[in-house]
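Enquirer: show me the folded form of this:
(one chain, ligands or ions: 1)
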Amino acid sequence: MRIIGSRRYRMVSESPPPGCPDCAVYMSERVADRIARDSADALSNGMEAMGLLYGHPFMHGERKLLRIEGAAALPTVGTMHHVIVDRKGDVDDSWAGAGSVVVGWYHSHTGVGSFMSETDIRTHRRWFGETLSVAAVYDAVEKDLGIYMLVGGVAKRADFAVYRRSPTSP
Ligand SMILES: [Zn+2]
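Expert: Now for the predicted structure:
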């Protein structure tokens, strides 16, 4: 598994998916669908879902942008309001796609809305400290997906676009 900060990662220049020229983050529709499905499944078991997001940062002119193109659920144990990763479980990241790196994580909330709690911010800072690292928080009851980045230690909801996979985009 490669994390964004890996020195081996080379940022290439490419065009973002169309439709949102000001967005910093582009999420593939199947990732958005997968987060919604995992979160709904977890909710029906009285749990929060949690997983890793895969993709790649890229340059467009002078701007650093991020494409999220894969997700892998993490096995979790816990209750509706507190989950931890079950280290004995397996992560199926076969879905991540060649050339992808871990660019962040997602988890679900169960009716309190999409936001970054103090615990979420601590988790994010500990594991995903890169500038372009993202946290996706999906409220499975309100069906609200937010993508957050830390700016000066504060979680900011990012403008993002969901793009549909085309034959030429990963
Ligand atoms: Zn949370």
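
Enquirer: may I have the residues that are in contact with the closest residue to the ion within the chain?
Expert: Closest contact between the chain and the ion, by C-beta to the ion, is at D120 (4.1 Å). Where C-beta positions appear, they are placed from N, C-alpha and C, glycine not excepted. Neighbouring residues of D120 by C-beta atoms under 8 Å, 6 or more residues apart in numbering: H107, A135, V137, A155.

Enquirer: my read: the first one touches M50, true?
Expert: Pointing back at H107 there. Yes - counting by C-beta atoms under 8 Å, M50 is a contact partner of H107 at 4.3 Å.

Enquirer: which positions in this structure make contact with the ion?
Expert: S117, D120 (C-beta under 5 Å from the ion).

Enquirer: quick one: contacts for Y138?
Expert: Contacts of Y138 by C-beta under 8 Å, 6+ apart are I35, A36, S39, A49, Y106, H107, S108, H109, S114, D144, L145, G146.

Enquirer: and A135, by the same measure?
Expert: Residues counted as contacts of A135 (C-beta under 8 Å, 6+ apart) are G104, W105, Y106, H107, M116, D120, H124, F128, I147, Y148, M149, A155.

Enquirer: against which helices or strands is the helix or strand containing the fourth one packed?
Expert: It refers to H107. H107 belongs to strand 101-109 when assigned by DSSP states H and E. When contacts are defined as 3 or more C-beta pairs under 8 Å, 6 or more residues apart in numbering; DSSP states H and E, strand 101-109 packs onto helix 29-44, strand 50-60, strand 63-73, helix 118-127, strand 134-139.

Enquirer: now the angle from it to helix 118-127?
Expert: With axes from the mean of the first three to the mean of the last three C-alpha atoms, to 10 degrees as the basis, strand 101-109 and helix 118-127 are set at 170 degrees to each other.

Enquirer: just the angle between strand 101-109 and helix 29-44, please?
Expert: In terms of direction (the same axes, to 10 degrees), strand 101-109 departs from helix 29-44 by 40 degrees.

Enquirer: now do the contacts for G111.
Expert: Counting by C-beta under 8 Å, 6+ apart, G111 touches D139, A140, V141, E142.

Enquirer: let's go with 10 Å and repeat that
Expert: Shown in contact with G111 (C-beta atoms under 10 Å, 6 or more residues apart in numbering): L43, M80, D139, A140, V141, E142.

Enquirer: likewise Y148?
Expert: 25, 104, 114-116, 120-121, 124, 133-137, 154-158.
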